[in-house]
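In: Pasting a predicted model and its sequence here:
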Amino acid sequence: MTGMQKERPFRFAVWLWLLTTAVLLASGSWLLKTELPEAENLKTEIQAITIDRLGEKNNMNKERIDDISISRGLIGWNVEISLNADKSFTMFSTKQQIWQDAIDILEPLSGFDQLNGISLSFILPVENSLHKSVMSFRLDKATRDQLIWSNVDPSILPDITYDYQEHPVLNN
């Protein structure tokens, strides 16, 4: 009798692990699948808005959109957009242009209810012509919903965004 009692918990544990593994594999496959039609449609719409608002190429003749990645979050979609920025006469005017470009993109993207987090990163050649991110930040849906975009001054972006980072070259 003691041998049967020991086997039953062991069998139960084995079946529990097998069932858990099967459930994780089944549910995890949709997380690994990055080519979801909804994500692809969203990516296409974001590309169209970006090109419509900022143009297909920057003023250094590089493709405006470096990368767009979309991931499913707990609440909606999160998007990370990397853009090649325009270079202006001075670095201060370049920074102001980047802020304005960010507003020009964020305004229409804020109308997408399925977007939760939007991260923007702007790339410029800095040291030895290496292209680096010179500004990046993210903005969540709750903050975007509170803004009246026609009244937003671009210079407040560092104050209203999360994880705002700026390369020192923009302060030269």
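Out: In hand now; what should we look at?

In: Poorly predicted segments of this structure, please.
Out: 1-35, 128-129 (pLDDT under 70).

In: Now do the helices in it.
Out: With helices called from DSSP state H, the chain shows them at 2-32, 37-54, 91-109, 141-146, 157-160.

In: Show me the chain divided up by domain.
Out: Following automatic domain parsing, one finds the domains of the chain at 1-33, 37-171.

In: give the contact list for the residue nearest to the spatial centre of the chain.
Out: By C-alpha atoms, centre = their mean, the chain has its centre lying nearest to residue 80, at 1.8 Å. Contact analysis of residue 80 by C-beta atoms under 8 Å, 6 or more residues apart in numbering lists 67-71, 119, 121. All C-beta atoms are positioned from the backbone trio N, CA, C, and that covers glycine.

In: could you redo the last one with a cut-off of 10 Å?
Out: Residue 80 sits next to 67-71, 117-121, 136, 138 when contact means C-beta atoms under 10 Å, 6 or more residues apart in numbering.

In: Residue 133 too?
Out: 66, 82-83, 85, 120-124, 126, 165-167.

In: Let me know the closest of those residues to residue 150.
Out: residue 120 (19.4 Å; C-beta to C-beta).

In: how about the nearest residue to residue 39, chain neighbours excluded?
Out: residue 70 (4.6 Å; C-beta to C-beta, 6 or more residues apart in numbering).

In: and the one you found, how many residues sit next to it?
Out: For residue 70, the neighbour count with other C-beta atoms under 10 Å is 19.

In: out of the contacts of residue 80, who has the most neighbours?
Out: residue 118 leads the contacts of residue 80 on contacts (other C-beta under 10 Å) with 25 neighbours.

In: where's that residue relative to residue 126, distance?
Out: 24 Å (C-beta to C-beta, to the nearest Å).

In: What of residue 101?
Out: From residue 101 to residue 126 the distance is 18 Å (C-beta to C-beta).

In: Compare those two (neighbour count), which wins?
Out: Comparing residue 101 with residue 126 by other C-beta under 10 Å, the one with more neighbours is residue 101, at 23 against 17.

In: What sits closest to that one if chain neighbours are left out?
Out: In space, residue 101 is closest to residue 54, 5.7 Å off (C-beta to C-beta, 6+ apart).
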